[in-house]
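Novice: What follows is a predicted structure for the sequence shown.
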Amino acid sequence: MFGYPPEVRIRTRRRYLDIQNGGRRINTRHFIVFMLPGQTERCRLGITASRRVGNSVHRNRWKRIMREAFRQVQNEIHACIDMVFIVRRGVGFPTSLQARHEILIAANKWIEDVRAGS
């Protein structure tokens with residue numbers, strides 16, 4: 001699959017807030033990740049990059065890096081998860097490999113917690 005179709009995006013503010021307020025928080029080097037069980041049959045991604053991260057060029061670059069990394073690993077995530085990534089301020093841009101690694105680490109931690117009953 002190429003592109004970033006609507007069915008793999010978290011599109012409403014309400015869902016973003018639900019995930020951020022009620023989801024499992026996982027910290028990685030470049031992101032704060034919030035996760036909840038998905039409402040669809042696919043993993044979905046949301047990205048938040050505030051103005052504190054940088055100007056629009058920097059924020060959009062972060063988003064492009066994350067969308068591409070998610071596109072590459074979404075078939076490796078064997079659970080239906082809605083994920084919101086909040087970009088950390090003051091860290092450099094991740095490489096594509098780092099971004100993919102952090103997505104998989106966060107997803108696997110969430111899956112382990114669900115299996116453990118946390």
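Specialist: Cool, got the structure.
Novice: can you pull out the helices in the protein?
Specialist: Under the criterion DSSP state H, the chain contains helices at 13-22, 56-73, 96-116.
Novice: so which of these comes closest to Q39?
Specialist: For Q39, the closest of these is helix 13-22, at 7.5 Å, according to CB to CB. (Glycine included, C-beta is placed from N, CA and C.)
Novice: name the helices or strands packed onto that closest one?
Specialist: Secondary-structure packing of helix 13-22 (3 or more CB pairs under 8 Å, 6 or more residues apart in numbering; DSSP states H and E): strand 31-37, strand 44-48, strand 81-87.
Novice: picking up where we left off before, please identify which of the helices of the chain is closest to A79.
Specialist: helix 96-116 (5.2 Å).
Novice: What lies in contact with that closest one?
Specialist: Helix 96-116 has contacts (CB atoms under 8 Å, 6 or more residues apart in numbering) with 24, 26, 28-31, 33, 35, 37, 43, 65-66, 68-70, 72-73, 76-79, 81, 83, 85, 94.
Novice: Of those residues, select the buried ones using a PyMOL command.
Specialist: The PyMOL command for the buried members of those (criterion: 16 or more other CB atoms under 10 Å) is given here:
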select buried, resi 24+26+28+30+31+33+35+43+65+66+69+70+73+77+81+83+85+94
